[in-house]
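J.: here's my sequence, what's the structure:
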Amino acid sequence: MKVLLPFLPRSVLVTGANRGLGLEFVKYFVKKNQLPGAQQTTVISCARKMSPELEELLEDIHHIDVDVTNEVQVNDAASKVSKIVGSDGLSLLINNAAIMRHGKGVSGCSVEEMKETLDTNLIGVHAMTRSFQPLLKQSAESQADLPISCSRAAICNLSAELGSIKGTNKNFLYTAYKVSKAGLNMYTKCSAVDLIKDNIICFSVHPGWAQTGLGGPQAPLSGETAVEDMIEIMGNCNKKHNGAFLRKGMNSIMF
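T.: Reported below is the predicted structural model:
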């Protein structure tokens, strides 16, 4: 895994960090911190349950058990993170936690499946954004000398090209997942318009089709490569990317 040194957030929180892309994000920042002379990033992982892979990293990170669908746990996590980061605040929130059930169309997608998917992929992002906004604002204020960027204060929401309305002309499968990601893109735009007053940028990224529990082993990208691509995007984001839905190469994806 290559480390992109120009991207140096003072702190980062990753949800869904026990597996897949969330775990790869944590590994990336741990590796960055181990480089000689590297500016240290406080790494905070959040997940519903611990995994053996994440447990191996506990000496180098702060971990908080949190289910993003549980508002009490999310608020409690924000209080714990406040004690970890202190007056510096939180520089970067990566909303990665998500679920995807098997491919079903409208008639095959139960009401409970739709509710469960929206609760995790969309409402959970709202819970995290709402609870951690004060810490992100604190980071923006404490680093007023920095330009608006992911190193100062930012929210990165992991979306998917499957959430593109324009791209859903033929494939009707994975209905609940698609609806949740389309909603996430709108939520990202609303957050961007609202939070820029606090010098916080918000954007969505498409990680590509990656070899994770969601993407499957047949995907063309390794999880490590997908994270490197997204880190490169984050490292180049500034105020003009606020509210955008981005993929590798910084190309905006049509909603």
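
J.: tabulate the CA atom coordinates of stretch 18-37 in CSV.
T.: What follows is stretch 18-37, C-alpha atoms only, in CSV (Å, rounded to 0.1, in the frame of the first residue of the first chain):
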residue,chain,number,x,y,z
ASN,A,18,-13.8,-3.9,11.2
ARG,A,19,-13.8,-5.2,7.6
GLY,A,20,-13.6,-4.2,3.9
LEU,A,21,-12.8,-0.7,2.9
GLY,A,22,-13.2,0.6,6.4
LEU,A,23,-10.4,-1.7,7.6
GLU,A,24,-8.3,-0.7,4.7
PHE,A,25,-8.6,3.0,5.6
VAL,A,26,-7.5,2.3,9.1
LYS,A,27,-4.5,0.2,7.8
TYR,A,28,-3.6,3.1,5.5
PHE,A,29,-3.4,5.7,8.3
VAL,A,30,-1.6,3.3,10.6
LYS,A,31,1.1,2.7,8.0
LYS,A,32,1.4,6.5,7.3
ASN,A,33,2.0,7.1,11.0
GLN,A,34,4.8,4.6,11.0
LEU,A,35,6.8,6.4,8.3
PRO,A,36,10.0,8.1,9.6
GLY,A,37,9.2,11.8,10.5
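
J.: which one is F7 nearest to, not counting chain neighbours?
T.: G235 (3.4 Å; Cβ to Cβ, 6 or more residues apart in numbering). (C-beta placed from N, C-alpha, C; glycine too.)

J.: what about that neighbour, which SS state?
T.: Here G235 is helix, with the state taken from DSSP: H, G, I helix; E, B strand; the rest coil.

J.: and it, how many neighbours?
T.: 16 (other Cβ atoms under 10 Å).

J.: pLDDT of stretch 28-47, averaged?
T.: The average pLDDT within stretch 28-47 is 95.

J.: any buried residues in that stretch, and which?
T.: Across stretch 28-47, burial judged by 16 or more other Cβ atoms under 10 Å covers Y28, F29, V30, K32, N33, T41, T42, V43, I44, S45, C46, A47.

J.: before we move on, what about stretch 89-98?
T.: Buried positions in stretch 89-98, judged by neighbour count with 16+ other Cβ under 10 Å: G89, L90, S91, L92, L93, I94, N95, N96, A97, A98.

J.: now do the same contact list for the nearest residue to C109 once chain neighbours are set aside.
T.: In space, and not counting its chain neighbours, C109 is closest to T175: 4.6 Å by Cβ to Cβ, 6+ apart. For T175, the contact set (Cβ atoms under 8 Å, 6 or more residues apart in numbering) comprises K104, G105, V106, G108, C109, M114.
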